[in-house]
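# Sequence first, then the predicted structure, then my questions.
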Amino acid sequence: MMEPRENPDLFGHEAAERTVEDAIAGGRLHHAWLITGKEGIGKATLAYRLARRLLTRDGDPNDPANPVFRRVAKASHADQLTVEREWDERRKRRRTDIVVDDARDIAGFLRLTPAEGGWRVVVVDGAEHLNRNAANALLKVLEEPPARAVLLLTCAAPGRLLPTIRSRCRRLPLLPLGDADMRRVLAKILPEQDDAALIAIAAGSPGRAALLAEEGGVAIATLVDEVLAAPKVTITRAYEVADRLARSEGAYSTFMDLLRDRLGAAVRQAARGKQAPLMGRRPLGEWGEVWHALGRLQDETERANLDKRHAIVAGLDLLNA
């Protein structure tokens, strides 16, 4: 799948883009925007699109042939800085946090005079991953923003941000894509896939659809449904599921994400008085805590690189009364 900074296309978020366009046209562009929404929904794609809009003086900023587009795509534009979790070469994945040195780079960057006489634009991709020191460093910038500078923060979990950071940003929430927009995206990025099956489990997120396709998400979703439909998950069955998922590096995260999604949907269905087979295992009031416990288990396992096989067994045991 194309990297967000290289992507010229935006699907389903035209209203959010117009909000920023109207602010630019009205001369009231806020110095910091908090772009929120689910993982893979297009937050970073929109952020880089807005960055190109501010940095481009001539031509279409979303034309891949435009020099500004090419420089932003290659991370070589002198007036655009990206702060995100660094790549851990040893573990072959991104680091857990955005650290304070990365956040301090923002202040130094914004103190410089714009190289091309226009705006300076910072994209903080995944702001929920700022550790406390990094968050405080960013807050100092937001408290005294320099002129002709814009910060674009993407965030899948705004509740993790300091309230003072949220209060200094203008919120730009992105909603999940509808089925029609999802079909348009998938026709472009995954033309060989069964888009109906992916749309059903991707929850309006193109990025998630791509990940699910890569990790065999449709088959994993079927496995999740089987587990939830069973009267009880025996220890033998739990280890069978764990062994099956252990064959793929990303299958653990996919399974846990889908498990929590299905559980959350079942709880909402039961709360509306509709039949949900899973609910018979526990009183309805307990399922919210199970949902949170699964989230904590997943987060701790991924952050500390713990044994995913044991985590799956522990997670499935949480479903039992």
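Now that the structure is in, tell me what you want to look at.
# When you work out contacts or count neighbours from here on, use the C-alpha atoms and nothing else.
Will do.
# what does the helix or strand that contains Asp22 contact?
Taking DSSP states H and E as the criterion, Asp22 maps to helix 14-25. Contacts to helix 14-25, defined as Cα atoms under 8 Å, 6 or more residues apart in numbering, come from residues Leu29, His30, Leu46, Leu50, Leu172, Pro173, Leu174.
# Report the buried residues of it.
Buried residues in helix 14-25, counted by 16 or more other Cα atoms under 10 Å: Glu17, Val20, Glu21.
# between these, which is closest to Gly178?
Gly178 lies nearest to Glu17 out of the buried residues of helix 14-25, by Cα to Cα, at 16.9 Å.
# Tell me the confidence at the closest one?
pLDDT, Glu17: 96.
# any idea how far it lies from Trp33?
As for Glu17, its distance to Trp33 is 12 Å (criterion: Cα to Cα, to the nearest Å).
# which regions of the stretch 151-300 of the chain sit below the pLDDT cut-off?
Confidence mapping of the stretch 151-300 of the chain against pLDDT under 70 gives the ranges 275-280.
# rerun that using 90 as the cut-off
187-203, 207-219, 221, 225, 228-232, 246-251, 253-254, 261-288, 299 (pLDDT under 90).
# Show me where it has its strands.
170-173 (DSSP state E, counting those that start in this stretch).
# circling back to that earlier point, helix or strand right after the helix holding Asp22?
Heading C-terminal from helix 14-25 (DSSP H and E), you reach strand 32-36.
# So what touches that following strand?
Residues from elsewhere that reach strand 32-36 (Cα under 8 Å, 6+ apart): 43, 47, 142, 150-158, 166, 168-174.
# Let's see which of the residues you listed end up in helices.
Lys43, Ala47, Leu142, Arg166 (DSSP state H).
# circling back: narrow the contacts of strand 32-36 to those that are buried.
For these, buried by 16+ other Cα under 10 Å: 43, 47, 142, 150-156, 158, 166, 168-169, 172-174.
# Mind telling me which residue is nearest the centre of the chain?
Residue closest to the average C-alpha location in the chain (Cα atoms, centre = their mean): Glu39, at 2.4 Å.
# Phe11: what's it in contact with?
Leu177, Asp181, Arg184, Val185.
# Give the residue farthest from the middle of this structure.
Thr236 (34.1 Å).
# Now do that one against Ala311, distance only.
Taking Cα to Cα, one finds Thr236 at 15 Å from Ala311.
# repeat for Ala229
Applying Cα to Cα, the value for Ala229 to Ala311 is 20 Å.
# Also Asp105?
37 Å.
# which of the two has more neighbours?
Neighbours were counted for Asp105 and for Ala311 using other Cα atoms under 10 Å; Ala311 has more, 20 against 15.
# Would you indicate which residues of the helix or strand that contains that one are buried?
In this assignment (DSSP H and E), Ala311 forms part of helix 308-318. Within helix 308-318, the residues scored as buried using 16+ other Cα under 10 Å are Lys308, Arg309, Ala311, Ile312, Val313, Ala314, Gly315, Leu316, Leu318.
# and it, how far out from the chain's middle?
Centroid separation for helix 308-318 versus its chain: 24 Å, with Cα atoms, centre = their mean, to the nearest Å.
# In what element of secondary structure is Leu306 found?
Secondary structure assigned from DSSP H and E places Leu306 in neither a helix nor a strand.
# Phi, psi for it please.
The phi/psi pair for Leu306 (degrees, to the nearest 10) reads phi -80, psi 170.
# so how many other residues sit close to the nearest residue to it once chain neighbours are set aside?
Distances taken as Cα to Cα, 6 or more residues apart in numbering place Glu300 nearest to Leu306, at 7.7 Å, with adjacent residues excluded. For Glu300, the neighbour count with other Cα under 10 Å is 13.
# mind giving me the domain ranges of the chain?
In the domain annotation for the chain, the residue ranges read 4-173, 215-318 (automatic domain parsing).
# Now distance to Pro191 too, for these, in TSV please.
Formatted as TSV, the domains of the chain follow (distance: least, Cα to Cα, whole Å):
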stretch	distance to Pro191
domain 4-173	16
domain 215-318	16
